[in-house]
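[1] I would like to see how this sequence folds:
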Amino acid sequence: PRAFQPKFMGWDEADVTNWLSTLGESYMKYAEIFDGEKVNGQLLVKLTEVDLRELGIQPIHCLRIIIELEKLRTDREYLFTNWSTEDVANWLSKNDFSTEDCTKFKSHNISGDLVCLLIRENLVRHLHLSVSTVRRLLDLRKKKKVPTAWPLV
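    Below you'll find the model as predicted:
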């Protein structure tokens, strides 16, 4: 019998750029890069973080792409938590993070899976959060026993 082949393995360049565009507005510029590099489904699955950075993709966006690729490979809707970007922003707001900080997470389409993996450097350098805000977030995340699914309260 023929081995199972995930549907994205048969994607052409247009399918890949369409998929990348679904990750959010800040990923549109990367869709153009992928299209120019003729990235199809078979090449997409082989991309590493190093490859993505060489294409000029911001580290925080590299991480999101890698998460989304893993979800494609494993045919899962989420890896750690099914929180949407909106759920993350609501959780931050309920835990007294500023509107400005919540907006930063939303503008970068930070999902629950991504928030589970962000490290101090990502939060300070790429989201431009203050050191004290990062400390609060990491402490709160630790108390919530991540990477298990988080309750919304």
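
[2] for this protein, which spans come out with low pLDDT?
    1-6, 145-153 (pLDDT under 70).

[3] where exactly do the strands run in it?
    Ranges of strands in the chain, per DSSP state E: none exist.

[4] Which helix in it has the most residues?
    helix 59-74 (DSSP state H).

[5] from the middle of its chain, how far away would that one be?
    Relative to its chain's centre, helix 59-74 lies at 6 Å (CA atoms, centre = their mean, to the nearest Å).

[6] Tell me the backbone dihedrals of the nearest residue to Arg136 once chain neighbours are set aside, please.
    The shortest distance from Arg136 to any non-neighbouring residue, by CB to CB, 6 or more residues apart in numbering, is to Phe97 (7.5 Å). The way it works is simple: take the backbone N, C-alpha and C, and place the C-beta from them, glycine included. Main-chain dihedrals, Phe97, degrees, to the nearest 10: phi -80, psi 150.

[7] can you tell me which residues contact Phe97?
    Neighbouring residues of Phe97 by CB atoms under 8 Å, 6 or more residues apart in numbering: Thr133, Arg136, Leu137.

[8] likewise Val88?
    Phe105, Lys106, Ile110, Ser111, Gly112, Val115.
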